[in-house]
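Participant: All I have is the shape, not the residue letters:
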């Protein structure tokens, strides 16, 4: 495994990329959602990472998206924009966040594309059990935080994606090289023959798995981390 340390004199592009993304989004509703998420102790995706997620969703032509663990909706605004008019975002969140999330999305004109699915558990909305609430194949599944439940239902999540759909999981590099359940989910994705997987080092690291068989024979992960 190569050393990920930037070479001497290299510039940290994170703030630069976030500034570029910020220039594309001026909706005050987005600021409100980020503030609400931060107040709840949730991970707030930086705008460069959110722009990448939006790009990935649009790149596969996604019209039906499930967001597991939406919380205060820091990413929901972006997904509602990505699916466009007539698209569907099924955001799984908790009752304490739902009212403010709906009101904020309404002010931005994006709530018409969003259906909220409520769960009162401590990991509200983060369980893949909520996939059962949305029938049919899915174009994209977005998970902002890796949970034990996600690992336990990995095959179910991948199965629900249509061919050419995308799975996006955030925070896999939040502590540097993946450890614990973050390492497990990266290994699951790399070794899954149904997914063509990469990890993008933005906003704590986003895993992107395209449901498309590659010509690779399978990843060798024994030497990782």
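Facilitator: Sure thing, it's come through. These numbers were taken from a predicted model, which means no experiment stands behind them.
Participant: so where's this protein shaky on pLDDT?
Facilitator: Applying pLDDT under 70 to the chain flags the ranges 1-31, 33-34, 37, 40-45, 120-127, 213-225.
Participant: Each with direction, which strands does the top strand by length along it pair with?
Facilitator: Counting by DSSP state E, the longest strand found in the chain is strand 161-170. Strand pairing for strand 161-170, using DSSP bridges, gives strand 138-143 (parallel), strand 206-211 (antiparallel).
Participant: How far off centre is it?
Facilitator: Remark: strand 161-170 is offset 10 Å from the chain centroid, using C-alpha atoms, centre = their mean, to the nearest Å.
Participant: Now the element after it, going C-ward?
Facilitator: Next in sequence after strand 161-170, counting helices and strands by DSSP states H and E, comes helix 180-191.
Participant: Just the helices from this structure, written as ranges.
Facilitator: 14-22, 28-39, 47-59, 76-83, 95-107, 148-152, 154-160, 180-191 (DSSP state H).
Participant: What is the burial count for residue 99?
Facilitator: Residue 99 has 10 neighbouring residues, counting by other C-beta atoms under 10 Å. No exception for glycine: its C-beta is placed from N, CA and C like everyone else's.
Participant: for the one 3 residues further on, same thing?
Facilitator: The number of residues packed around residue 102, counting by other C-beta under 10 Å, is 16.
Participant: quick one, what contacts the residue lying closest to it once chain neighbours are set aside?
Facilitator: In this structure, residue 102 finds its nearest non-sequential neighbour in residue 111, 5.9 Å apart by C-beta to C-beta, 6 or more residues apart in numbering. Shown in contact with residue 111 (C-beta atoms under 8 Å, 6 or more residues apart in numbering): 80, 102, 105.
Participant: Reformat the residues you listed as TSV; add distance to residue 203.
Facilitator: TSV is the format used below for the contacts of residue 111 (distance: C-beta to C-beta, whole Å):
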residue	distance to residue 203
80	19
102	25
105	21
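Participant: Quick check: bridge partners of the residue lying closest to residue 169 once chain neighbours are set aside?
Facilitator: Computed as C-beta to C-beta, 6+ apart, the closest residue to residue 169 that is not its neighbour in sequence is residue 207, at 4.4 Å. Beta-bridge partners of residue 207, counted by DSSP bridges, are residue 169, residue 199.
Participant: Closest one of the contacts of residue 111 to residue 95?
Facilitator: Set against residue 95, the nearest of these by C-beta to C-beta is residue 102 (11.3 Å).
Participant: number of nearby residues for the nearest residue to residue 117 once chain neighbours are set aside?
Facilitator: Once flanking residues are discounted, residue 117 sits nearest to residue 92: 4.6 Å by C-beta to C-beta, 6+ apart. Using other C-beta under 10 Å, residue 92 has 26 neighbouring residues.
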